[in-house]
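Engineer: Predicted coordinates and the sequence they were generated for:
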Amino acid sequence: MAVSNNTIFDDVFRTMIEKMPELVIPLINEVFGTNYPADIPIIQQRNEHQTEDGEIITDSNLCIGNLIYHIECQSTSDSTMIIRMVQYDFSIAMDHAENRDGKYYMEFPQSCVLYLRGKGEPDFLEMVMVMPDGRKMEYQVPVVHVQAYTKDEIFQKKLIFLLPFYIMRYEKNRDQAETDSVFLEGMLKEYADIEEYLEEELLDQDREQAYRDMIELIRRIADYIFADRKKVKERLGDIMGGKVLELESDKLIKIGEEKGIKKGIEKAQLQSIHNLMASMKWTVKQAMDALGIPEDERNKYIDGLKQK
């Protein structure tokens, strides 16, 4: 039986690892003091590891250069985390154990834990392992406290990987964000800066899909944190989704100009409605309102969506 207890945070973390693994490189450089280039090849290895007690599933298992990297995403500090990390790392090491001249060698991965809440100590998780002959081995795993990084530090170090979790520093201020307009505007200004930064780092570098994916992941966690705060959700959605809407409109114009026929425009409109409903979590009416589709043309698009 697999050991797994996924949360929205695990899902977002693993989505980034799977769809945008290159974003983890600056984080690895930050934690381990490496200097990997942004385009270094990354081999994603299996996260399922067989043990006598069943299957262990790790959050990541990446081969970069000639080293293995293992990063776990943890929402809050947990006193037993080091025990799990040793278990995970041992399982990864077992997968790569090899016989050299009659002796088996196990190389443990470079590991760290990403804590999404809190920003204090410790900087390392530690365990002392006592061998049968009395020798003691100290096992250390570095800790990354996401909330310890300011927005500007994230930008300067290109830690885009941390941005979906940035909203969690406002988790304890949900009521204030909903009722205090000054506080809300300050938070929204930060997210306007984040959106602009993502445009520069991703969209302007011809990485539109990565930009769309990152916006969607940021919105997913923000919607979760502010699930019952309608005003905050709407205002954040406007900021983080505005460019996505503009991209869809630009595509409509481009396709329409290239094809010059009504059918091509209608097909593009239908795709844009579908994209906005998926990425913005909008209803069909909200998507068509945003695209300015006339009331007398809406039924054909609703019918078209049913056929998708």
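Structural biologist: Happy to help now that I have it. No experiment lies behind these values; they were computed from the predicted model shown. Numbering: from 1, shown residues only.

Engineer: C-alpha only now, for contacts and for neighbours.
Structural biologist: OK.

Engineer: Specify the local secondary structure of the residue located most distally from the centre of the chain.
Structural biologist: In the chain, Asp133 marks the outermost C-alpha relative to the chain mean, sitting 44.2 Å out by C-alpha atoms, centre = their mean. Taken by DSSP: H, G, I helix; E, B strand; the rest coil, the conformation at Asp133 corresponds to coil.

Engineer: Which strand in this protein has the most residues?
Structural biologist: As far as residue count goes, and with DSSP state E defining each element, the longest strand of the chain is strand 136-145.

Engineer: just checking, next helix/strand downstream of that one?
Structural biologist: Sequence-wise, the next helix or strand downstream of strand 136-145 (DSSP states H and E) is helix 151-156.

Engineer: for that following helix, which positions count as buried?
Structural biologist: In terms of neighbour count (16 or more other C-alpha atoms under 10 Å), helix 151-156 has its buried residues at 151, 154-155.

Engineer: Phe13: neighbouring residues, count only.
Structural biologist: A count of nearby residues for Phe13, using other C-alpha atoms under 10 Å, gives 23.

Engineer: Quick check: closest non-adjacent residue to Ile68.
Structural biologist: Nearest residue to Ile68, sequence neighbours excluded (C-alpha to C-alpha, 6 or more residues apart in numbering): Pro109, at 4.9 Å.

Engineer: sorry, back to before: for the longest strand of the chain, packing partners?
Structural biologist: strand 110-115, strand 124-130 (3 or more C-alpha pairs under 8 Å, 6 or more residues apart in numbering; DSSP states H and E).

Engineer: With distance to Met280, mean neighbour count and mean pLDDT as extra columns, can I get those strands in CSV?
Structural biologist: Putting the helices and strands packed on strand 136-145 into CSV (distance: least, C-alpha to C-alpha, whole Å; neighbours: other C-alpha atoms under 10 Å; pLDDT from 0 to 100) gives the following:
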stretch, distance to Met280, mean neighbour count, mean pLDDT
strand 110-115, 27, 21, 95
strand 124-130, 38, 14, 93
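
Engineer: Would you mind giving those as a markdown table with distance to Arg220 added?
Structural biologist: Formatted as a markdown table, the entries for the helices and strands packed on strand 136-145 read as follows, by distance: least, C-alpha to C-alpha, whole Å:
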| stretch | distance to Arg220 |
| --- | --- |
| strand 110-115 | 18 |
| strand 124-130 | 30 |
